[in-house]
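Trainee: sequence and predicted model, in that order:
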Amino acid sequence: MTEELQLDVSRETPPARGRRRYTSMAKTVLLQLGALGLFLGIWEVLTATDVIPSYLLPRASEVLAALGRDVLDILTGGRMWVHFYTTLIEILLGFFFSVLIGVAVGAVLSEFKTIQRATYPYIVAANATPRIAFAPLIVIWFGFDFASKIVMAVAVAVFPVIVNTMAGLAAADRDDLRLMRSLGATRSQLLWRVRIPTAMPYLFAGFETAMLFSAVGAVIGEFMAGNAGLGYVTLLAQELFRLDDGFSAIVLLSVQGFLLHRLVVVARRRFVFWQAESGSAP
């Protein structure tokens with residue numbers, strides 16, 4: 001029975017496979033929207049009936065109203081656009097420098113084992129230290145502007161890129177490496193022809209994590225020394241007990257991080273196409 005089902009699927013035409021795929025996607029989206037609606041409904045009932053006091057949690061309808069105002073303000077270039085754009089730039093620059101530094105350090109540690117043995121324990125120890133402990137020093141060193149937020153984002157996001165780069169470069173098949181060496185390939189040719197193609201799935205796994213961590217680092221930086229950004233808006237709203245505005249900023253941060261993460265996923269499917277085709281990637 002299973003073999004017959006597999007044969008039927010394999011005989012499907014491309015349009016039929018496309019329709020089946022979009023139908024599955026539509027069902028997933030409807031399921032997710034249903035779960036969101038149920039969550040918001042429970043939230044609204046609990047807060048409207050004072051099971052959860054309003055000074056602890058605003059009503060879901062109030063948060064949605066504040067979110068609608070903020071989205072309109074962003075689309076019309078108002079005050080919230082400045083905060084949204086500030087956080088977006090901090091996340092993107094933090095991600096960019098995390099990738100640049102992480103891939104470079106990971107490649108050096110992978111290629112030169114002596115350097116790896118000498119420095120890797122200190123890199124792990126630095127990663128084990130909570131980044132928030134460095135925040136006051138980062139503010140002193142880099143000031144209250146963009147630089148301190150970007151440095152904080154890099155500090156949080158760079159380690160997954162380093163680890164995944166090392167793992168990916170070490171995953172190259174030894175038989176392929178021996179074959180290339182027997183053909184007279186140089187270290188540079190081994191790196192670009194064998195190691196990097198093998199490492200691509202690992203690299204993009206690190207990039208996806210780095211994008212999310214970069215958002216976390218940027219918000220931590222705004223909490224410590226911000227005068228703009230969605231993290232700053234969240235902190236200010238909580239201090240003024242405007243919880244609906246605070247939750248609205250949190251939702252905007254979540255949406256922003258989710259969309260940026262999806263861009264990395266799309267890039268992964270474009271550059272690591274063999275993994276997407278094999279169905280191993282979501």
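Mentor: Looks like it came in fine.
Trainee: could you use CA atoms for every contact and neighbour count after this?
Mentor: OK.
Trainee: what sits up against stretch 219-229?
Mentor: With contact meaning Cα atoms under 8 Å, 6 or more residues apart in numbering, stretch 219-229 is reached by 82-87, 132, 135-136, 139, 144-145, 148-150, 152-153, 230-232, 235.
Trainee: ok, now how distant is the residue positioned nearest the centre of the chain from Ser98?
Mentor: With distances taken as Cα atoms, centre = their mean, Leu212 lies nearest the centre of the chain, 2.6 Å away. Noted for Leu212: a distance of 12 Å to Ser98, by Cα to Cα, to the nearest Å.
Trainee: shared neighbours, those two?
Mentor: Ala157.
Trainee: which non-adjacent residue is nearest the residue nearest to the centre of the chain?
Mentor: Leaving out its chain neighbours, the residue that sits closest to Leu212 by Cα to Cα, 6 or more residues apart in numbering is Gly257, at 6.3 Å.
Trainee: ok, that neighbour - how many residues close by?
Mentor: By other Cα atoms under 10 Å, the residues close to Gly257 number 20.
Trainee: so who does it touch?
Mentor: Contacts of Gly257 (Cα under 8 Å, 6+ apart): Met211, Leu212, Ala215.
Trainee: using the three-state scheme, assign it.
Mentor: Per DSSP: H, G, I helix; E, B strand; the rest coil, the secondary structure class of Gly257 is helix.
Trainee: quick one: it and Val194, what's the gap?
Mentor: 33 Å.
Trainee: which element, helix or strand, includes Arg20?
Mentor: helix 14-48 (DSSP states H and E).
Trainee: then Ala228?
Mentor: Using DSSP H and E, no helix or strand contains Ala228.
Trainee: what's it sitting at in phi/psi?
Mentor: phi -160, psi 160 (degrees, to the nearest 10).
Trainee: can you get me a residue count around it?
Mentor: If you count neighbours by other Cα under 10 Å, Ala228 ends up with 20.
Trainee: for Ala26, same thing?
Mentor: With other Cα under 10 Å as criterion, Ala26 counts 12.
Trainee: list the residues that contact it.
Mentor: Per Cα under 8 Å, 6+ apart, neighbours of Ala26: none.
Trainee: lowest-pLDDT helix or strand in the protein?
Mentor: Taking mean pLDDT, DSSP states H and E as the measure, the helix or strand of the chain with the lowest value is helix 2-10, at a mean of 48.
Trainee: enumerate every residue touching Ala171.
Mentor: Arg195, Thr198, Ala199.
Trainee: okay, these in a markdown table with distance to Thr114, pLDDT and neighbour count next?
Mentor: Below are the contacts of Ala171 laid out as a markdown table (distance: Cα to Cα, whole Å; pLDDT from 0 to 100; neighbours: other Cα atoms under 10 Å):
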| residue | distance to Thr114 | pLDDT | neighbour count |
| --- | --- | --- | --- |
| Arg195 | 19 | 77 | 20 |
| Thr198 | 23 | 81 | 19 |
| Ala199 | 21 | 83 | 22 |
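Trainee: right, and out of those residues, which lies closest to Leu75?
Mentor: Ala199 (39.7 Å; Cα to Cα).
Trainee: mean confidence for the helix or strand Ala135 falls within?
Mentor: Per DSSP H and E: Ala135 is located in helix 135-142. Averaging pLDDT along helix 135-142 gives 84.
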